[in-house]
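Engineer: just the structure for this:
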Amino acid sequence: MAEQDGFAGSRVVVTGGGGGIGGEICRRFAAAGAQVAVADRDAEAAGKVVRDIAAHGGSAAAWPVDVTDRDAVGRLFAMIGESGRALDVLVNCAARASDTPFDRLPAAEFDQDVTATLTSAFFCIQAALPLLLRSVRDPNVVSVSSVNGMAAFGNEAYSAAKAGLINLTRNLAIRYGPRGVRFNSVAPGTVRTPIWERRLAARPDLLERIESLYPLRRVGTPDDVAAACVFLASPDA
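Structural biologist: Okay, here's the model as predicted:
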């Protein structure tokens with residue numbers, strides 16, 4: 001799994017690390033030499049990513065956690081920071097998107113999307129900051145937003161949360177830049193992940209139709225997003 005060693009010895013936490021995009025981000029960092037904490041509410045999915053990384057010679061550990069639970073997040077970072085250890089990179093990839101049309105969207109479901117996508121990042125960043133400030137390895141946070149946070153593509157609750165994530169990133173970049181902690185976000189378009197399987201079962205040609213809207217005539221892959229995240233977390237950025 002030797003892609004490069006630019007993150008050799010670095011400690012990285014990826015939320016939503018058991019998912020399609022999050023899993024690939026974990027693999028990329030591990031391939032670059034990082035020690036990766038695969039944080040996900042789905043312990044089985046996180047474990048699968050860890051086993052895959054280990055099979056390729058990388059270093060990773062599964063950390064089952066519900067990032068919408070502030071106390072659970074606090075416990076996670078308290079364990080990661082035991083004995084005064086630092087954290088070098090936090091990647092916020094956890095998210096939730098409702099398919100319910102806006103006119104029938106319950107307030108509770110709106111809150112679930114915002115909490116899973118935006119509030120969870122707030123919880124994680126706030127808990128991780130003391131550990132990031134200990135780092136001497138270019139500490140930084142990369143948050144996975146979306147083009148939905150920049151233009152109107154539906155999924156209103158999810159989109160509003162992603163827009164909030166972009167703004168939160170900008171504000172924290174200004175606030176903590178002078179203290180040596182960088183903040184960046186990635187805003188992917190359509191990405192081919194397992195989440196599309198249900199939609200493709202009903203409309204098999206859906207991704208082909210979406211591909212025609214992109215200049216390259218293809219949609220993104222988890223590896224595309226992972227590459228951007230690893231670059232932004234590196235000193236080259």
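Engineer: run a quick neighbour tally on Ala173.
Structural biologist: Neighbours of Ala173 under the rule other CB atoms under 10 Å: 16. Where C-beta positions appear, they are placed from N, C-alpha and C, glycine not excepted.
Engineer: quick check: it is in a helix.
Structural biologist: Yes - with DSSP: H, G, I helix; E, B strand; the rest coil as the criterion, Ala173 is part of a helix.
Engineer: hang on, it packs against Arg182?
Structural biologist: Yes - with contact defined as CB atoms under 8 Å, Ala173 counts as touching Arg182 (6.8 Å).
Engineer: in the sheet, who's paired with Val144?
Structural biologist: With beta bridges defined as DSSP bridges, Val144 has these partners: Val186.
Engineer: any idea how far it lies from Gly84?
Structural biologist: Distance of Val144 to Gly84, given as CB to CB, to the nearest Å: 29 Å.
Engineer: more neighbours, those two?
Structural biologist: With neighbours defined as other CB under 10 Å, Val144 and Gly84 compare such that Val144 has more, 28 against 7.
Engineer: how about the contacts made by the more buried one?
Structural biologist: 16, 21, 25, 91-93, 95, 185-186, 188, 225, 229 (CB atoms under 8 Å, 6 or more residues apart in numbering).
Engineer: now, which of the residues you listed sits nearest Asp69?
Structural biologist: Nearest to Asp69 among the contacts of Val144, counting by CB to CB, is Gly16 at 14.4 Å.
Engineer: just the strands in this structure please.
Structural biologist: Secondary structure of the chain (DSSP state E): strands at 11-15, 35-40, 59-64, 89-92, 140-144, 182-186.
Engineer: pipe those strands into a markdown table and attach distance to Thr119 and mean pLDDT per row.
Structural biologist: Compiled in a markdown table, the strands of the chain are given as follows (distance: least, CB to CB, whole Å; pLDDT from 0 to 100):
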| stretch | distance to Thr119 | mean pLDDT |
| --- | --- | --- |
| strand 11-15 | 12 | 98 |
| strand 35-40 | 16 | 98 |
| strand 59-64 | 19 | 98 |
| strand 89-92 | 11 | 98 |
| strand 140-144 | 13 | 98 |
| strand 182-186 | 16 | 98 |
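Engineer: all set, thanks.
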